[in-house]
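**Q** Have a look at this prediction, sequence included:
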Amino acid sequence: MIAAIAERLIPGACEAGVDRYMEAHRAAFSGALEALAGFEDAADQDALLAELERERPDLFDPLLAHARQGMFGDPSYGGNIDRVGWKLLGYPGPRPVWTAADQALI
């Protein structure tokens, strides 16, 4: 169910390991999972998510926050596999070495 939700929130999320990240942190949004019981079999998943967002933001917000963290967070935390989210944004990731040109004050 988490994989289906992640894909509806962020297309391509499973490729980036968002579902794996969210599974590891499911306690933070367990209320949303209970509210979305039967999500995978629903004819209109987007409508269910929109209803949860509108009527229960206290449940929806942590769900969306964890999807975003899994997509764009540091890969060391279990999501953003192969830096897929960072590549989407054009962010190269942290650089461990700074060249003299990087440090020059011009």
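**A** Happy to help now that I have it. Numbering: from 1, shown residues only.

**Q** And the residue nearest the centre of this structure?
**A** Ala67 (2.1 Å; Cα atoms, centre = their mean).

**Q** Mind telling me what element that one is part of?
**A** If you go by DSSP states H and E, Ala67 is part of helix 57-72.

**Q** and the helix or strand just after that helix, what's its mean pLDDT?
**A** Beyond helix 57-72 in the direction of the C-terminus, DSSP H and E gives the next helix or strand as helix 84-89. Helix 84-89 carries an average pLDDT of 95.

**Q** tell me what helix 84-89 is packed against?
**A** helix 57-72 (3 or more Cβ pairs under 8 Å, 6 or more residues apart in numbering; DSSP states H and E). Yep, even glycine has a C-beta here, placed from its N, CA and C like the rest.

**Q** which helices and strands sit right next to the helix it packs on?
**A** Packed next to helix 57-72, using 3+ Cβ pairs under 8 Å, 6+ apart, are helix 2-9, helix 18-24, helix 30-35, helix 45-55, helix 84-89.

**Q** need the ones you listed in JSON lines with distance to Thr99, can you?
**A** Shown next, in JSON lines, are the helices and strands packed on helix 57-72 (distance: least, Cβ to Cβ, whole Å):
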{"stretch": "helix 2-9", "distance to Thr99": "38"}
{"stretch": "helix 18-24", "distance to Thr99": "33"}
{"stretch": "helix 30-35", "distance to Thr99": "45"}
{"stretch": "helix 45-55", "distance to Thr99": "45"}
{"stretch": "helix 84-89", "distance to Thr99": "21"}
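
**Q** Could you export these as TSV, including mean neighbour count and distance to Trp98?
**A** TSV is the format used below for the helices and strands packed on helix 57-72 (neighbours: other Cβ atoms under 10 Å; distance: least, Cβ to Cβ, whole Å):
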stretch	mean neighbour count	distance to Trp98
helix 2-9	20	35
helix 18-24	21	29
helix 30-35	16	41
helix 45-55	14	42
helix 84-89	16	19
